[in-house]
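**Q** Here's my sequence, what's the structure:
(one chain, ligands or ions: 1)
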Amino acid sequence: MKGDIGVIGLAVMGQNLILNMNDHGYKVVAHNRTAEKVDEFLQGPAKGTNIVGAYSLQELVDKLESPRKIMLMVRAGDVVDSFTDKLVPLLDKGDIIIDGGNTNFPDTNRRVAALKEKGIHFIGSGVSGGEEGARFGPSIMPGGSPEAWPFVKPIFQAISAKTENNEPCCDWVGNDGAGHFVKMVHNGIEYGDMQLITEAYQFMKDGLGMTHDEMQSVFIEWNKTELNSYLVEITSDILGYKDTDGEPLVEKILDTAGQKGTGKWTGINALDMGIPLTLITESVFARCLSSLKDQRVEAEELFGKKKSIVEGDKQVWIEALRQALLASKIISYAQGFMLMREASNENGWDLNYGNVALMWRGGCIIRSAFLSNIRDAYDIDPELSFLGSDSYFKGILENSTSAWRKVAAKSMEVGIPMPSMTSALTFLDGYTTARLPANLLQAQRDYFGAHTYERVDKPKGEFFHTNWTGKGGDVSSTTYNS
Ligand code: 6PG
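**A** Numbers count the residues shown, from 1 in each chain. Purely as a prediction, here's the structure:
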C-alpha cells in the first residue's frame, strides 16, 4: 500500500506532524536530507507505527499515492525553493507540494504561480501551536492552489485542533499566499498579546511591588475571565516557576527579546497597505528597544531614573489593569482584522474572517475564548470594518475606557513603559474622532510644497492650492497618494 502523504524535514515540528497524521490513520512517508535522521526517527519515536522512511526524493515520490502530497517542514526561504526545484522533475501533473513553514507570503504567491505553469499544485500553509500543537492538534491555515485543497483537506482537518463544538481549526483560507498571510497576521497578533501581558507584568512588579506568587495568582484569576487564553495560562505557569535556588526563574532571564521576522513582516505590510496597525508595530519596536540592553543600562544611570511606585488600592489597580489589557487586546485584533480585510481586497482573496477566527480558536499560540466572540461578530456582519463596533466588543470598550485611561495615565506619570496599551488607547481616541488635525497638516504640505488640499465645503476629489505667503506661485505639484 502506498503512502497517503510525504513529509520532508524531521526537525521537531515535522516529526510531530507525522506522528499526528499516523495517529489519525494516514500512512506517512518521511524523508530528511540526512539519512541518519530518518533512521533515528524510524527507530525512535516512529517505532511500531505505520510510518515508512524514504532515503531519497525519488524513493519518496515512488512510495506515494497519486496525486502525491508532499509537505515541506523545512526552514523558510531558499531551502523551500531548493526542495521544490528538485521535486518538480520527479512529480506528475496534479501532484501537490505543501510548504508548512513560516514563509513570507510573497514567496508563496511566487511559488504558486511558478508551479501552476508546470501543472503542479502548491499550498502554502501556516501551522501554529509549537511542538505540542503539531503533535496533538495544531491550527492549520492553508492557501494556494484551490484545486489541491480537496485532496489535502481530510488529512489536515483530521490532524488539526478542534473547537469545543468539534469544528476543525483548519479551513481553506484563499488563493496564492493567503494562508501564509493569515499566519503572518496570527504571529503579529501573538507579538501584541505577549507584549500586552508583559506590560501588565511590569506594572504589577515595578509599580505595585507585587511578588511573583501574587502575580501568578492574578494571571490564574484573569484566565477565568474574558482574558482566558493560552498565553495568559503559560504566563501564570512561568511566574510560578522557581529556579534551583527557589527564586523565580523569569528574573534570571536576560531582558532582550528575540524575533524571527513574522511580526516585522506584519508591520511592513501594514505600512505598505496604509493600515494603522499601531499595537503590533509597537510590540515589534518594543522587542527592538529591549535588544538595546547595554544602552538602556547606561541611560538609566545617566537619567537617574526613579523607581516607578504606583500608590493606591492594589486590588483596584489590578482590576483596572485587567480591563486595560482586555480593551487593548480588542484593539489589537481589530487592527489585525483591518489589515486582513485590506489584503483580501487588494489581492482578491475573499477571506472569510469568521473562519479565520475559528481557525485560531484552538491549537495555535493565540488561542483564546475571545476568538469565539470574534467569530460571532463576523457571523453577524461578515463585512464588519472595525471589530470594536460589534455590540459585544463595543460594550467592553465602553465599560473599560475609564480604567484603561487611569492605567495609561499612571504609567506615563510614574514612567513605566506601556507602548502597546497606551498606543491602543490613542488609536481608539483617533478612530472615534470625526475631525482630526490633518487639516492643519494638509495646510503645511500645501504651504511648503504646493501639495494641494481638498475642502470640506467642496466635493471630494477637487484639489486647491493657496499662495500662503503671497510670494509663492499659483502652480501646484501633482496630487497623488502613496
Ligand atoms: C506559532 C508561532 C511560531 C513562531 C514562534 C517564534 O504559531 O506556533 O507563531 O510560528 O515561530 O512564535 O516567533 P518569534 O521568534 O518571531 O517570536
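
**Q** hey, what's the residue of the chain found nearest the ligand bridged with?
**A** Using Cβ to the nearest ligand atom, Ser128 is the residue of the chain that sits closest to the ligand, at 3.0 Å. To be clear about C-beta, it is placed using only N, CA and C from the backbone, and glycine gets the same treatment. Per DSSP bridges, the residues bridged to Ser128 are Ser139.

**Q** Surely it touches Ile189?
**A** No - with contact defined as Cβ atoms under 8 Å, Ser128 does not count as touching Ile189 (10.7 Å).

**Q** List the contacts of the helix or strand that contains Gln295.
**A** If you go by DSSP states H and E, Gln295 is part of helix 293-302. Contact with helix 293-302 is made by Leu254, Asp255, Thr256, Leu289, as judged by Cβ atoms under 8 Å, 6 or more residues apart in numbering.

**Q** Show me where the stretch 101-250 of the chain has its strands.
**A** In the stretch 101-250 of the chain, the strands defined using DSSP state E, counting those that start in this stretch lie at 121-128, 139-144, 174-175.

**Q** Of the ones you listed, flag the one that's most buried.
**A** Highest mean neighbour count among the strands of the stretch 101-250 of the chain (mean count of other Cβ atoms under 10 Å): strand 139-144, with a mean of 30.

**Q** Give the other helices and strands that that one contacts.
**A** Of the remaining helices and strands, those touching strand 139-144 by 3 or more Cβ pairs under 8 Å, 6 or more residues apart in numbering; DSSP states H and E are helix 105-117, strand 121-128, helix 149-159, strand 174-175, helix 178-202, helix 353-359.

**Q** can you tell which of those is closest to Leu19?
**A** Closest approach to Leu19 among those (Cβ to Cβ): helix 149-159, 9.7 Å.

**Q** helices or strands next to the closest one in the packing?
**A** Here helix 149-159 touches helix 12-23, strand 69-72, strand 96-99, strand 121-128, strand 139-144, going by 3+ Cβ pairs under 8 Å, 6+ apart.

**Q** Kindly export that helix (C-alpha atoms) in PDB.
**A** C-alpha atoms of helix 149-159 as PDB (Å, rounded to 0.1, in the frame of the first residue of the first chain):
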ATOM      1  CA  TRP A 149      -7.500  21.500  -1.300                       C
ATOM      2  CA  PRO A 150     -10.000  18.600  -1.700                       C
ATOM      3  CA  PHE A 151      -7.000  16.100  -1.600                       C
ATOM      4  CA  VAL A 152      -5.400  17.700   1.400                       C
ATOM      5  CA  LYS A 153      -8.500  18.700   3.400                       C
ATOM      6  CA  PRO A 154      -9.300  15.300   5.000                       C
ATOM      7  CA  ILE A 155      -5.800  14.900   6.400                       C
ATOM      8  CA  PHE A 156      -5.400  18.500   7.600                       C
ATOM      9  CA  GLN A 157      -8.800  18.600   9.200                       C
ATOM     10  CA  ALA A 158      -8.300  15.300  10.900                       C
ATOM     11  CA  ILE A 159      -5.000  16.300  12.500                       C
END
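
**Q** between that helix and strand 139-144, how many degrees?
**A** Counting by axes from the mean of the first three to the mean of the last three Cα atoms, to 10 degrees, helix 149-159 points 170 degrees away from the direction of strand 139-144.

**Q** Need the residues that contact helix 149-159.
**A** Contacts to helix 149-159, defined as Cβ under 8 Å, 6+ apart, come from residues 4-5, 17, 20-21, 23-26, 67, 69, 96, 98, 123, 125, 137-138, 140, 142, 168, 170-172.

**Q** ok so, going back, turn the helices and strands packed on helix 149-159 into TSV, including mean pLDDT.
**A** Listed next are the helices and strands packed on helix 149-159 as TSV, based on pLDDT from 0 to 100:
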stretch	mean pLDDT
helix 12-23	98
strand 69-72	98
strand 96-99	98
strand 121-128	98
strand 139-144	98
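
**Q** what sits opposite His121 in the beta ladder?
**A** Beta-bridge partners for His121, by DSSP bridges, are Ile96.

**Q** ok now do it, which residues does it touch?
**A** Pro67, Gly94, Asp95, Ile96, Ile97, Leu115, Gly144, Ser145, Glu147, Ala148.

**Q** switch the cut-off to 6 Å
**A** By Cβ atoms under 6 Å, 6 or more residues apart in numbering, His121 lies in contact with Ile96, Ser145, Glu147, Ala148.

**Q** circling back to that earlier point, please verify my assumption that the residue of the chain closest to the ligand contacts Gly362.
**A** No - look at Ser128 against Gly362 with Cβ atoms under 6 Å: they stay out of range, at 10.3 Å.

**Q** that older thread, out of the contacts of helix 293-302, which are buried?
**A** Leu289 (16 or more other Cβ atoms under 10 Å).

**Q** now, among the contacts of helix 293-302, which is nearest to Trp349?
**A** Nearest to Trp349 among the contacts of helix 293-302, with distances taken as Cβ to Cβ, is Leu289, at 33.7 Å.

**Q** what's the helix or strand that that closest one is a member of packed up against?
**A** If you go by DSSP H and E, Leu289 is part of helix 278-290. Contacts defined by 3 or more Cβ pairs under 6 Å, 6 or more residues apart in numbering; DSSP states H and E place helix 278-290 against helix 178-202, helix 262-273, helix 314-347, helix 419-431.

**Q** Of those helices, flag the one that's most buried.
**A** The most buried one of those (mean count of other Cβ under 10 Å) is helix 178-202, showing a mean of 26.

**Q** Go ahead and name everything in contact with it.
**A** Counting by Cβ under 6 Å, 6+ apart, 103, 105, 108, 124-126, 128, 141-143, 173, 231, 235, 262-263, 265-266, 279-280, 283, 286, 321, 325, 328, 332, 336, 340, 343, 349, 356, 365-366, 416, 418, 420-421 sit against helix 178-202.

**Q** and what of stretch 382-393?
**A** Counting by Cβ under 6 Å, 6+ apart, Ile330, Tyr333, Ala334, Phe337, Asn373, Ala377, Leu397 sit against stretch 382-393.
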